[in-house]
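Trainee: model the following, please.
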Amino acid sequence: MRILRKLLIVRDLASVLGDRIRELRRNKGFSQESFADHCGLHRTYMGGIERGEHNLTVQTALTIASGLGITLSKLFTGLEDLVKTQSGDPVIAGIQTRPRIARKKSEVMNTPPLAKPPVCRTP
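Mentor: Take a look at the predicted model:
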């Protein structure tokens, strides 16, 4: 259930970011195709971004922000307020995860080898 909730949050965040990009693009007077060309991105990829179908890399987000003439921080401002969990806590994809169990390399390297399984012989 937790994984499903996180996936929904990621999808919601991508959708909200896509809506923000679409709104800013329209305010600048760009069509989707001309804006994609302006940014050096494929038009179908830009459409997927605006529909929330793609998770952006930081580089792509920076490219889009530059194409809009704004900073990356302005592009992301307020998004966490629009995407909330059921408890009302703002969540950004990937932040609320279980802590990883860290093992030292020495612990891994010094483990005894596994015993060989017994060989079953048929008569």
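Trainee: which parts of the chain are strands?
Mentor: Counting by DSSP state E, the chain has no strands at all.
Trainee: shaky segments in it?
Mentor: Low-confidence segments of the chain (pLDDT under 70): 1-11, 84-123.
Trainee: one more time with 90
Mentor: Within the chain, the segments meeting pLDDT under 90 span 1-16, 55, 77-123.
Trainee: can you count the residues close to the spatially closest residue to residue 14 that is not a sequence neighbour?
Mentor: Nearest non-adjacent residue to residue 14, counting by Cβ to Cβ, 6 or more residues apart in numbering: residue 52, 4.1 Å away. Glycine gets a C-beta too; all of them are placed from N, C-alpha and C. For residue 52, the neighbour count with other Cβ atoms under 10 Å is 18.
Trainee: who are the contact partners of residue 52?
Mentor: Counting by Cβ atoms under 8 Å, 6 or more residues apart in numbering, residue 52 touches 11, 12, 14, 15, 16, 17, 18, 19.
Trainee: residue 28 too?
Mentor: By Cβ under 8 Å, 6+ apart, residue 28 lies in contact with 35, 68, 69.
Trainee: how close does the residue nearest to the last one when sequence neighbours are not counted get to residue 65?
Mentor: Leaving aside its sequence neighbours, residue 69 sits nearest to residue 28 (Cβ to Cβ, 6+ apart; 7.3 Å). In this structure, residue 28 lies at 12 Å from residue 65, with Cβ to Cβ, to the nearest Å as the measure.
Trainee: separation between residue 81 and residue 13?
Mentor: The value you get for residue 81 to residue 13, if Cβ to Cβ is used, is 12 Å.
Trainee: more crowded one of these two?
Mentor: residue 13 (20 against 9).
Trainee: okay, now residue 51: neighbour count?
Mentor: The tally of other residues near residue 51 (other Cβ under 10 Å) stands at 13.
Trainee: and what of residue 76?
Mentor: 14.
Trainee: then residue 18?
Mentor: Residue 18 has 20 neighbours, counted by other Cβ under 10 Å.
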